[in-house]
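Trainee: pasted the sequence and its predicted model underneath.
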Amino acid sequence: MPDNRFENERQFHDAWAATIDIDGIRVADYFTACTAPENRFILDKMGEVAGKRLLDLGCGAGENSVYFAQRGADCVAADYSPGMVEVAMQLAAKNHVKIEGKITNAIAIDFPDNTFDFVYAANLLHHIGDPHQAIQEMHRVLKPGGKACFWDPLKHNPIINVYRRMATEVRTEAEMPLDINIVHFVSSLFAQTHYDTFWLATLWIFLRFYLIEKVHPNQERYWKKIIIESERLESEYLALETLDKILKKIPLMKRYAWNLAVVAVK
C-alpha cells in the first residue's frame with residue numbers, strides 16, 4: 001500500500017477519533033445486538049478467551065478490545081491511527097479494564113511470530129490495498145492452533161455500492177471492499193476456515209434510513225446507527241434475517257451480502 005494511502009487513512013481516522021464521545025459507546029452491543037450478526041458468528045466460533053493473548057488489529061475506538069478484556073483476555077489494541085489507539089485506551093479506563101495500546105501497520109505487525117492466541121480484526125481489511133498481506137501477517141503472529149477472526153464488507157452488492165458512492169464524507173477514497181474469493185486464500189493458509197455472510201434482505205433497513213427516515217449516509221454512519229438503534233430495529237431486523245437464511249441457500253447468493261465474517265484456525 002503506497003505511503004500516501006497509509007497517511008490518508010491515518011489522517012482520516014485521527015480526525016474521526018477526535019469526534020468520538022466514549023460516554024456514548026455501549027461496548028456489549030457491538031457483540032450481542034441483533035444487528036451485530038458478524039460478531040455473534042465470530043463469538044460462536046472463537047471459544048474461550050479468558051487468559052488468552054488477543055490482538056485487536058485495527059482497533060478503532062476500542063469496543064472490541066474492551067469487550068474481550070472484560071471477558072478475561074490479555075488484549076492489545078493496535079491501530080495505524082494514534083488517535084484511535086488513544087480513544088481505545090480511554091474507553092478501557094472508563095470501563096475499568098486494562099489493555100495495551102500499540103501503533104502498528106497491519107501489513108507489518110510489530111510482534112514476533114507465534115505471539116497471539118487470537119487476532120481479531122473488524123472492518124480493517126478493506127482499508128488495505130492488498131488484504132492478502134494483512135492476512136499473512138495475522139497468520140504469522142498467531143500461535144499454532146490460534147484463530148484469526150475478522151469481518152469486512154464485500155464488493156458485490158449493487159445497493160451497497162450505491163450507498164458507498166453517496167457516503168463520501170464517512171469513507172476514505174481508497175477503500176476496497178473484499179471479493180468473496182478471499183476465503184479461498186484464507187483456506188490456503190489456515191488449517192480450518194469457517195465463514196458466513198450477512199445482510200441481504202436485511203439491507204432494507206439501510207433503504208429505510210434513507211427513503212423513509214431521510215437520514216443521509218453522510219449525516220450518520222449507517223453501520224454505527226444499526227448498533228446504536230438495535231432495540232428499535234429488532235423486530236424488523238429479525239424477520240428479515242429469517243429471510244436472509246433462506247436466500248443464502250440459493251447458489252452464489254452469499255456473495256451479494258454486505259459483510260463477510262471469517263474464523264480461521266492456524
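Mentor: That came through, no problem. Residues are numbered from 1 along each chain as shown.

Trainee: going forward, measure contacts between C-alpha atoms and count neighbours the same way
Mentor: Fine.

Trainee: now do the longest strand along the chain: distance to the chain's middle.
Mentor: Counting residues, the longest strand found in the chain (DSSP state E) is strand 142-153. Relative to its chain's centre, strand 142-153 lies at 12 Å (CA atoms, centre = their mean, to the nearest Å).

Trainee: note down every partner strand of it and its orientation.
Mentor: Strand 142-153 sits in its sheet next to strand 116-122 (parallel), strand 259-265 (antiparallel), going by DSSP bridges.

Trainee: a markdown table please, covering these and showing mean pLDDT and distance to L211.
Mentor: Converted to a markdown table, these look like this (pLDDT from 0 to 100; distance: least, CA to CA, whole Å):
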| stretch | mean pLDDT | distance to L211 |
| --- | --- | --- |
| strand 116-122 | 98 | 28 |
| strand 259-265 | 98 | 22 |
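
Trainee: export those as CSV, with columns for mean neighbour count.
Mentor: Below are the strands paired with strand 142-153 laid out as CSV (neighbours: other CA atoms under 10 Å):
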stretch, mean neighbour count
strand 116-122, 25
strand 259-265, 24
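
Trainee: quick one: closest of these to A108.
Mentor: strand 116-122 (14.0 Å; CA to CA).

Trainee: quick one: contacts of the closest one?
Mentor: 52-59, 138, 141-143, 145-152 (CA atoms under 8 Å, 6 or more residues apart in numbering).

Trainee: quick one: buried residues of stretch 54-74?
Mentor: Residues of stretch 54-74 classed as buried: 54-70, 72-74 (neighbour count, 16 or more other CA atoms under 10 Å).

Trainee: to clarify, my last question referred to stretch 103-119.
Mentor: Under 16+ other CA under 10 Å, the buried positions of stretch 103-119 are 103-107, 109, 115-119.

Trainee: which one is A264 nearest to, not counting chain neighbours?
Mentor: In this structure, A264 finds its nearest non-sequential neighbour in T193, 4.3 Å apart by CA to CA, 6 or more residues apart in numbering.

Trainee: report the contact partners of the one you found.
Mentor: Taking CA under 8 Å, 6+ apart, we find T193 in contact with 183, 186-187, 262-265.

Trainee: could you do E231 as well?
Mentor: The contact partners of E231, by CA under 8 Å, 6+ apart, come to A33.

Trainee: for it, give me the pLDDT.
Mentor: pLDDT recorded at E231 is 96.

Trainee: returning to that earlier point: for the longest strand of the chain, the averaged confidence score.
Mentor: Per-residue scores along strand 142-153 average to 98.

Trainee: I180: neighbour count?
Mentor: The tally of other residues near I180 (other CA atoms under 10 Å) stands at 18.

Trainee: would you confirm that it contacts L154?
Mentor: Yes - with contact defined as CA atoms under 8 Å, I180 counts as touching L154 (6.5 Å).

Trainee: list residues touching both of the two?
Mentor: 255, 260.

Trainee: and the closest residue to I22 other than its chain neighbours, what element?
Mentor: Spatial nearest neighbour of I22, excluding adjacent residues (CA to CA, 6+ apart): L91 at 6.0 Å. In this assignment (DSSP states H and E), L91 forms part of helix 82-94.

Trainee: mind listing the helices for this protein?
Mentor: 3-17, 29-32, 37-46, 63-70, 82-94, 131-141, 158-166, 182-189, 204-207, 222-228, 230-247 (DSSP state H).

Trainee: just the angle between the first one and helix 82-94, please?
Mentor: Yep, that's helix 3-17 we're talking about. 40 degrees (axes from the mean of the first three to the mean of the last three CA atoms, to 10 degrees).

Trainee: thank you, goodbye.
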